[in-house]
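A.B. asks: Build me a model:
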Amino acid sequence: MIVIDGSYGEGGGQILRTATALSVLLGVPCKIENIRKNRPNPGLRPQHVAGIKALLKLTQGEAEGVREGSESIVLFPGKLRGGSFEIDVGTAGSIGLVLQSIMIVSIGVPSRLRLRIRGGTDVKWAPSILYLKEVLLPLLRKMGYQGEIELLRRGYYPRGGGEVLFEAHSSELNGIDLQKRGEILAIKGLSHASKDLQPKRVAERQREAALSVLRKKGIEAHVKIKYEDTPSTGSGIDLFAICSNSVLGSNALGEKGKRAEEVGKEAASKLLEELEGEAALDQYAADQIFPYLALAKGPSMVSISKKTGHLETNLWVILNFLKRKITLEEGPSGYLITVKE
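C.D. replies: Residues are numbered from 1 along each chain as shown. This is a model prediction of the structure:
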């Protein structure tokens with residue numbers, strides 16, 4: 001059994017998501033202790049419990065300690081299976097964070113997997129659904145990953161109520177060489193908001209502010225507008241840089257007391273920061289793609305814009321499960337991740 005110290009490094013929920021996903025995919029029992037020990041509210045939160053229960057639906061195994069507040073769990077994975085399942089993360093628990101684990105596990109499903117997931121689609125401190133769909137999935141497809149994400153209904157904090165459809169088949173992953181992002185071919189995006197914010201033109205104001213920031217740098221972008229019926233008031237904007245070798249993304253969310261113009265400027269500024277160098281991956285994709293690089297056949301070389309504590313912690317978790325030679329060192333375009341046998 002592999003024992004993981006959940007307080008290692010940045011000590012957040014990512015340790016839990018990566019460790020449980022690799023445990024289920026590889027069929028290796030795992031114990032995680034000191035879960036989120038240094039957080040103000042340590043232990044499992046409702047979204048973590050929902051994520052583990054979602055994984056258990058895909059494997060005929062058992063788990064101990066899966067309850068809110070628990071600081072230790074033990075996972076005994078069984079045989080992976082495909083099929084159709086429904087998952088309710090609860091209120092605005094992030095669908096994106098649950099998918100981080102499920103997408104890894106789906107590499108090994110023996111038959112088609114189809115999941116309808118309810119929860120939050122655009123939640124603070126979590127990847128938006130559009131980011132997973134427009135940035136992470138295209139990058140993973142370069143490695144041979146077979147999966148699709150469809151946004152059925154958007155859900156903001158605090159009520160959530162969003163719905164996402166995820167489908168996947170087993171995948172044979174191969175290493176990739178992504179040392180430079182290449183030429184910027186297009187910048188696109190979506191500025192979205194709940195319908196009750198339409199009279200205040202929130203989505204339009206977010207878009208106009210983002211476009212203004214980009215134009216000052218000589219960059220033109222095509223950003224669509226969308227208002228939707230949602231249980232909670234909310235807004236956000238997702239931006240994507242389509243490059244000849246890669247895709248980079250950024251996003252920002254509205255919140256009470258935050259002007260729509262600030263939201264648009266924030267997303268555009270984040271994207272410009274990622275585009276300053278020639279790194280193939282933005283800092284968020286770097287963290288999320290790490291397990292796939294380690295699981296793929298053959299070597300990989302990938303440049304990333306920034307090295308974060310989150311990334312280094314994820315690497316530590318991965319090396320507890322997989323015996324690959326992985327290095328992370330400064331290079332000409334930010335940092336270079338090298339994975340060898």
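A.B. asks: who are the neighbours of the helix or strand hosting V302, in terms of helices and strands?
C.D. replies: Assigned by DSSP states H and E, V302 belongs to strand 300-304. Packing contacts for strand 300-304, counted by 3 or more CB pairs under 8 Å, 6 or more residues apart in numbering; DSSP states H and E, involve strand 177-178, helix 283-295, strand 334-340. Every residue, glycine included, has its C-beta placed from N, CA and C.
A.B. asks: tell me the domain ranges of the protein?
C.D. replies: Domain ranges of the chain: 2-178+281-340, 184-275, per automatic domain parsing.
A.B. asks: rewinding a little: export the helices and strands packed on strand 300-304 to a markdown table and append columns for mean neighbour count and distance to R259.
C.D. replies: Formatted as a markdown table, the helices and strands packed on strand 300-304 follow (neighbours: other CB atoms under 10 Å; distance: least, CB to CB, whole Å):
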| stretch | mean neighbour count | distance to R259 |
| --- | --- | --- |
| strand 177-178 | 18 | 37 |
| helix 283-295 | 24 | 24 |
| strand 334-340 | 19 | 32 |
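A.B. asks: Of those, which is nearest E134?
C.D. replies: Among the helices and strands packed on strand 300-304, helix 283-295 comes nearest to E134, with 10.9 Å by CB to CB.
A.B. asks: Now that closest one: average pLDDT?
C.D. replies: Taken as a whole, helix 283-295 has a mean pLDDT of 94.
A.B. asks: For it, output the C-alpha coordinates as PDB.
C.D. replies: Output of helix 283-295 as PDB, limited to C-alpha atoms (Å, rounded to 0.1, in the frame of the first residue of the first chain):
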ATOM      1  CA  GLN A 283       0.800  27.400 -15.500                       C
ATOM      2  CA  TYR A 284      -2.500  25.700 -15.000                       C
ATOM      3  CA  ALA A 285      -2.200  23.300 -17.900                       C
ATOM      4  CA  ALA A 286       1.300  22.400 -16.700                       C
ATOM      5  CA  ASP A 287      -0.100  21.200 -13.300                       C
ATOM      6  CA  GLN A 288      -3.000  19.300 -14.900                       C
ATOM      7  CA  ILE A 289      -1.100  17.600 -17.700                       C
ATOM      8  CA  PHE A 290       1.700  16.200 -15.400                       C
ATOM      9  CA  PRO A 291       0.000  12.900 -14.600                       C
ATOM     10  CA  TYR A 292      -0.600  12.200 -18.200                       C
ATOM     11  CA  LEU A 293       3.000  12.900 -19.100                       C
ATOM     12  CA  ALA A 294       4.100  10.400 -16.500                       C
ATOM     13  CA  LEU A 295       1.600   7.800 -17.700                       C
END
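A.B. asks: what residues does it touch?
C.D. replies: 14, 18, 21-22, 25, 100, 104, 107, 127, 131, 135-136, 139-140, 143, 145, 173, 175-176, 248-249, 274, 281, 300, 302, 304-306, 308, 310-311, 314-315, 318, 322, 324, 326, 337, 339 (CB atoms under 8 Å, 6 or more residues apart in numbering).
A.B. asks: hang on, the earlier thing: hey, least reliable of the domains of the chain by pLDDT?
C.D. replies: When the domains of the chain are ranked by mean pLDDT, domain 2-178+281-340 comes last with a mean of 94.
A.B. asks: mind checking how far the residue nearest to T338 when sequence neighbours are not counted is from L311?
C.D. replies: Of all residues not flanking T338 in the chain, T327 sits nearest, at 4.7 Å (CB to CB, 6 or more residues apart in numbering). According to CB to CB, to the nearest Å, T327 stands 13 Å off from L311.
A.B. asks: between the helices and strands packed on strand 300-304, which gets nearest to E62?
C.D. replies: Closest to E62 of those, according to CB to CB: helix 283-295, at 23.2 Å.
A.B. asks: so how far is that closest one off the chain centroid?
C.D. replies: A distance of 10 Å separates the centroid of the chain from that of helix 283-295, by CA atoms, centre = their mean, to the nearest Å.
A.B. asks: what angle separates it from strand 300-304?
C.D. replies: Per axes from the mean of the first three to the mean of the last three CA atoms, to 10 degrees, the angle that helix 283-295 makes with strand 300-304 is 170 degrees.
A.B. asks: Contacts only, for the residue nearest the centre of the chain.
C.D. replies: Against the mean C-alpha coordinate of the chain, by CA atoms, centre = their mean, the closest residue is P127 at 4.5 Å. Residues in contact with P127 (CB under 8 Å, 6+ apart) are 94, 96-97, 100, 136, 284, 288.
A.B. asks: Apply 7 Å and report the result again.
C.D. replies: If a contact means CB atoms under 7 Å, 6 or more residues apart in numbering, then P127 has 96, 284 as its contacts.
A.B. asks: Could you report the distance from M143 to I318?
C.D. replies: 15 Å.
A.B. asks: on that earlier part again, which one of T327 and L311 has more residues nearby?
C.D. replies: Shown here are T327 and L311; by other CB atoms under 10 Å, L311 has more neighbours (23 against 11).
A.B. asks: residue with max distance from the center of the protein?
C.D. replies: Computed with CA atoms, centre = their mean, the residue of the chain farthest from its C-alpha average is P199, at 32.0 Å.
A.B. asks: For my notes, confirm that one occurs in a strand.
C.D. replies: No - using DSSP: H, G, I helix; E, B strand; the rest coil, the assignment for P199 is helix, not a strand.
A.B. asks: For E208, which non-adjacent residue is spatially closest?
C.D. replies: In this structure, E208 finds its nearest non-sequential neighbour in G264, 6.8 Å apart by CB to CB, 6+ apart.
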